[in-house]
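Student: only geometry, no sequence info:
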């Protein structure tokens, strides 16, 4: 699927008719126009990606390994929850009617411990001593707290003012959920509390969405290892780490990273291998027009067809997306611009939402935040603006953008919580404008 | 430190003087009053815990293991960032003055690749072909995009309308940060972007706060393993899992869990061992007044002194907190009520903030949210109310509380995002009231 601007032909011929310089310059202008027309909007780029994602398969996974996975089956209560009338106090179980009838003292017939089978009160004028968590004995309908009684160990006396009512001190059978009630729906992320629910109904393994196989690839001979002392013209590699860890934080664990030197054969061999086993290939840099950018050719040779390149956004205009029709997993390829801010922003704007869609996650992370100071941006581009979030006393979210800097200063991004999305159609943004805010994955 | 209500003596003698029933009932009332007076507020409980926490020691950790750890040193730029004037385009580096002087064509002197040392333009009327990421050659002050030129490979011609300006296409040396500038301050959590910054300055290991050693202990013979098919009076253990995973999600990885059967000797032996090696001991249940609650005695025998028990809150009133003065790490002991909602709420309200304080984390997670529907709660207790969060089109956060249920229904907590804190002094809460919202750790 190739995504382009609407009315391509009309726009193209209009612009062509305005060409006033024939010859070489006319041709140059023609290419410039073609290039401009091939730039698609953020919305179209997103739609193109979404159209090309398919649901991930499902797999059974032991519960210990399910933290942050996406549930792919409904979880039903295996029995009533709680499974019996459960005492919520340490105290004495009685028949409340006896107290209503004037009973104040109750002889202790037995003691009910948690973990023991339900008992049966023999004498309705007596009581059973009971511990928190124990089944409330048949023949009783309330539990009096130990603090509300006086006892010598054989007989219990209710304190003045204590009025037993049916149900007091009892967490009734089935009151949290009846057997077969749906406790969790497919699509939820398995965080601590969902894991506890799965455990409480005895799910020692769960049907979850398969974790996609992802590789992150950086290229460029100027990039060296963290531990290397770089020469003045070298830079330590960090994009691959920020992408890897952001994906992990977003719940995707099957991520590896590779660095390719600027070598055409190595690049070709890597791409062929990668496509044979990956769901997602994320390239950081190396798809521009430089003489040593061997990736575009390698991808083309490997049968990856481009869905789009060039998006009317800043940062991240050169974003490239393609799909392999020949690889077994129909590998999706995201080529992110190499600039660290572009790279990190495009990962959050496109790659993570695409993974969430494929995984069937039923949750949306974008929300509205108010611009903390007026902002002007004239180019007809969607602007992604890293910003710090704060929530005021009236519960309104405010996003304070970084001082604007076109350099892609990753250093200052550290203090931010995500980015605002300023639509392309608008130039002036007043303080207090509500805009979509995309939080970084943490 | 024992935290009690202010003016204890005054309140006590006032209430004592109001006793109208001498004898046995008088004594019972006396105990009830004493009990009431020992219940402390949420604020005092929090202050007591904070007073008893000490900063965790610091340790050097390889960067690969630092995700989500708390930084304990400032990170300084090791050199200017970027370390050289870096080309942001594939194109041609020229001296802009030449173009201002009317120059339109430039012969190509050489090619500058990323990863190679800075070049030097020999002839100011010529240009150097340059790749993205390469050092901008001395003698040039701008980079013209390849798209803005026509070239036959030997000579470059600027397209009409292209006006070279100094600095165009250059990410200047030191513009992100100058050498020795503080990039990250101690106290920040090392998420993906902070890790990338550490990598970019060559920190292959980092000084971070030590991860506290934590054990979670459940007790009770009624609790069985996930994989067990429980008898009607048994319940599968899940509190330990929800606490463990919530702590891990909050960034604390050194957490283990244990289940003790209702056996006094096993309990004593476990407590003695635990205190010899733990920073934090979290007990889920087992410190109430039941006949098989052996933990209070075991803790006392092991030299753990109680800082407080009973907090004027719902859920979680029986919350107990103590400190061991004799154990090598001055183990802090949190005894959370066994009810799953109480347990999970108290972990987020007290334990995680205490760990964050000890770790030197410079971040606060509580924020204001608006109550989505009116609520009434008369008892003089702080109410923790699980709620679902949504952010409206005007960027306001709304918290919709669960249907109110005193049973501690953990099942319905699954759909919530955290809990609202309703202060004890107030009974009626209108729709739109701004209240503190504590998000669950995810």
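Tutor: Arrived safely. In this text, all values refer to a predicted model and were calculated from it rather than measured experimentally.

Student: CA atoms for contacts and neighbours, from now on please.
Tutor: Noted.

Student: what are the ranges of the helices in chain A?
Tutor: Using DSSP state H, the helices of chain A run over residues A:8-17, A:24-38, A:42-52, A:96-100, A:192-200, A:239-249, A:264-277, A:295-301, A:340-346, A:352-359, A:410-413.

Student: check the spacing between the residue most central in space within chain A and residue B:304 real quick.
Tutor: What sits nearest the mean C-alpha location of chain A, by C-alpha atoms, centre = their mean, is residue A:250, with 4.9 Å. Distance of residue A:250 to residue B:304, computed by C-alpha to C-alpha, to the nearest Å: 40 Å.

Student: what's the end-to-end length of stretch A:221-237?
Tutor: The separation between the terminal residues of stretch A:221-237, taken as C-alpha to C-alpha, is 10 Å.

Student: need the contact list for residue A:398.
Tutor: The neighbours of residue A:398, taking C-alpha atoms under 8 Å, 6 or more residues apart in numbering or on different chains as the test, are A:369, A:370, A:371, A:372, A:389, A:390, A:391, A:392, B:395.

Student: again, 10 Å this time
Tutor: If you count contacts by C-alpha atoms under 10 Å, 6 or more residues apart in numbering or on different chains, residue A:398 has them with A:368-373, A:387-392, A:431-435, A:437, B:395-396.

Student: and for residue A:330?
Tutor: Contacts of residue A:330 were listed using C-alpha under 10 Å, 6+ apart, and they are A:52, A:53, A:54, A:275, A:276, A:277, A:278, A:279, A:280, A:304, A:323, A:324.

Student: tell me how many other residues crowd the third one.
Tutor: Okay, so that is residue A:54. Other residues within reach of residue A:54, judged by other C-alpha atoms under 10 Å in any protein chain shown, total 14.

Student: residues in contact with it?
Tutor: Neighbour list for residue A:54: A:330, A:354, A:355, A:357, A:358, A:359, A:360 [criterion: C-alpha under 10 Å, 6+ apart].

Student: sorry, back to before: just the buried ones among the contacts of residue A:398, please.
Tutor: Those of those that meet the buried threshold are A:368-372, A:387-391, A:432-435, A:437, B:395-396, by 16 or more other C-alpha atoms under 10 Å in any protein chain shown.

Student: list the contacts of the residue of the stretch 51-200 of chain A found nearest chain B.
Tutor: Taking C-alpha to the nearest C-alpha as the measure, the point where the stretch 51-200 of chain A comes nearest chain B is residue A:115, at 3.3 Å. By C-alpha under 10 Å, 6+ apart, the contact list for residue A:115 reads A:131, A:133-135, B:220-224, B:231-235, B:262.

Student: mind checking pLDDT for it?
Tutor: Note on residue A:115: pLDDT of 85.

Student: give the contact list for residue A:148.
Tutor: A:91, A:92, A:156, A:157, A:158, A:159, A:160, A:161, A:162, A:163, B:28, B:32.

Student: the residue lying closest to the fourth one once chain neighbours are set aside - how many residues pack around it?
Tutor: Across the structure, with C-alpha to C-alpha, 6 or more residues apart in numbering or on different chains as the measure, the residue nearest residue A:157 apart from its sequence neighbours is residue A:105 (4.4 Å). Using other C-alpha under 10 Å, residue A:105 has 19 neighbouring residues.

Student: correct me, but residue A:105 touches residue A:158?
Tutor: Yes - when contacts are counted by C-alpha atoms under 10 Å, residue A:105 is listed as touching residue A:158 (6.5 Å).

Student: what do the two both touch?
Tutor: With contacts taken as C-alpha under 10 Å, 6+ apart, the residues that reach both residue A:105 and residue A:158 are A:99, A:149, A:150, A:151.

Student: mean confidence score for stretch A:84-97?
Tutor: The average of the pLDDT scores along stretch A:84-97 is 93.

Student: same deal with stretch A:369-383?
Tutor: Over the span of stretch A:369-383, the pLDDT mean works out to 96.

Student: ends of that stretch, what's the gap?
Tutor: Its start and end residues considered, stretch A:369-383 measures 15 Å (C-alpha to C-alpha).
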